[in-house]
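A.B. asks: Pasting the sequence and the predicted coordinates here, then a few questions.
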Amino acid sequence: MRQFPPRRIVCLTEETVETLYLLGEQDRIVGVSGYAVRPPQVRREKPRVSAFISADIPKILKLEPDLVLAFSDLQADIVSDLVRAGIAIHVFNQRDVAGILAMIRTLGALVGAAERADQLATSYEERLANIASATRPSPKPRVYFEEWDDPLISGIGWVSELIEIAGGEDILPDLRFQQAAKDRIISPDLVRAAAPDVILASWCGKKVVPDKIRRRPGWDQIPAVDNDRIVEIKSPLILQPGPAALTDGLDAIVAALWPSATPSPPRTIRR
């Protein structure tokens with residue numbers, strides 16, 4: 001018999017792990033993604049059962065979860081195996097800031113913590129509004145965000161929005177509507193022609209090498225390269241569509257765009 005709220009949850013991506021900890025519901029988690037690093041204690045408290053597009057199905061089944069949380073069609077193969085095994089699944093598909101806030105509220109409802117989840121989401125909404133309304137110098141810095149280096153991939157929806165909230169101008173705003181990475185592949189010449197003032201890079205789990213960016217043909221003429229404004233943002237902060245992106249990820253963008261500005265509002269205190 002399945003329980004409500006579920007007592008044994010497996011999280012196949014990082015953002016649901018962090019959200020459950022923020023809600024004080026971490027005791028329900030029995031297995032996590034190997035990429036889960038927030039909060040830091042999760043790596044010693046919870047067994048790792050999956051990568052991103054692969055998972056140890058027998059290990060998950062041995063944990064006897066009454067709910068598995070997944071993300072998007074990218075985890076469809078994992079989900080299909082678990083569904084056939086009779087496991088209850090909820091698949092999120094948040095791709096923008098509004099979707100992240102909805103994910104928090106939905107997850108709270110799933111674990112019987114709807115009021116706390118709404119309070120958490122509301123605190124983020126207020127925080128985003130405060131940062132967006134901050135007075136900034138003109139003109140807005142033009143920003144290129146790079147998710148991968150070979151081929152060049154840009155345009156993640158929530159990152160594009162956060163650049164604008166931080167007071168920047170995304171040089172490729174239309175890409176945010178393309179969900180698949182293959183549809184967000186761009187040419188180096190497109191970036192060179194757009195001449196961004198700042199380059200933000202987060203190479204999906206591997207270290208960014210600024211010299212590789214500088215050595216691209218013609219990129220020495222880009223203002224961001226010429227003025228040494230190439231900034232790495234660690235993947236756990238910005239590439240997961242969850243609380244991290246709305247807090248530390250956004251703070252990192254603000255710091256990159258406005259290095260001499262006053263600090264942004266305090267982050268939500270974690271339990």
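C.D. replies: Okay, I see it.

A.B. asks: secondary structure element for the residue nearest in space to the middle of the chain?
C.D. replies: Centroid-nearest residue in the chain: Gln240, 2.1 Å away (criterion: C-alpha atoms, centre = their mean). Gln240 is part of no helix or strand, with elements assigned from DSSP states H and E.

A.B. asks: Kindly report the same for Leu101.
C.D. replies: For Leu101, the host element (DSSP H and E) is helix 97-110.

A.B. asks: in that helix, what's buried?
C.D. replies: For helix 97-110, burial by neighbour count (16 or more other C-beta atoms under 10 Å) applies to 97, 99-101, 103-108, 110. (Each C-beta comes from the backbone N, C-alpha and C, glycine too.)

A.B. asks: and if you look at stretch 147-159?
C.D. replies: Buried residues in stretch 147-159, counted by 16+ other C-beta under 10 Å: 147-149, 152-159.

A.B. asks: contacts for stretch 139-151?
C.D. replies: 152-156, 159-160, 163, 167-172, 181, 184-186, 191, 194-204, 208, 212-213, 224, 239, 257 (C-beta atoms under 8 Å, 6 or more residues apart in numbering).

A.B. asks: Buried members of those into ChimeraX, please.
C.D. replies: Those of the contacts of stretch 139-151 that count as buried under 16+ other C-beta under 10 Å are selected in ChimeraX with:
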select :152,153,154,155,156,159,160,163,167,168,169,170,171,172,181,184,186,191,196,197,198,199,200,201,202,203,208,213,224,239,257
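
A.B. asks: just the buried residues of helix 97-110 now: which is nearest Ala85?
C.D. replies: Leu110 (19.9 Å; C-beta to C-beta).

A.B. asks: contacting residues around Arg176?
C.D. replies: Under the criterion of C-beta under 8 Å, 6+ apart, the neighbours of Arg176 are 96, 155-157, 160-161, 170.

A.B. asks: just curious, which of the buried residues of stretch 147-159 is nearest to Val32?
C.D. replies: Trp158 (21.4 Å).

A.B. asks: So that closest one sits against Ile100, correct?
C.D. replies: Yes. Contact status for Trp158 versus Ile100: in contact at 6.2 Å, counting by C-beta atoms under 8 Å.
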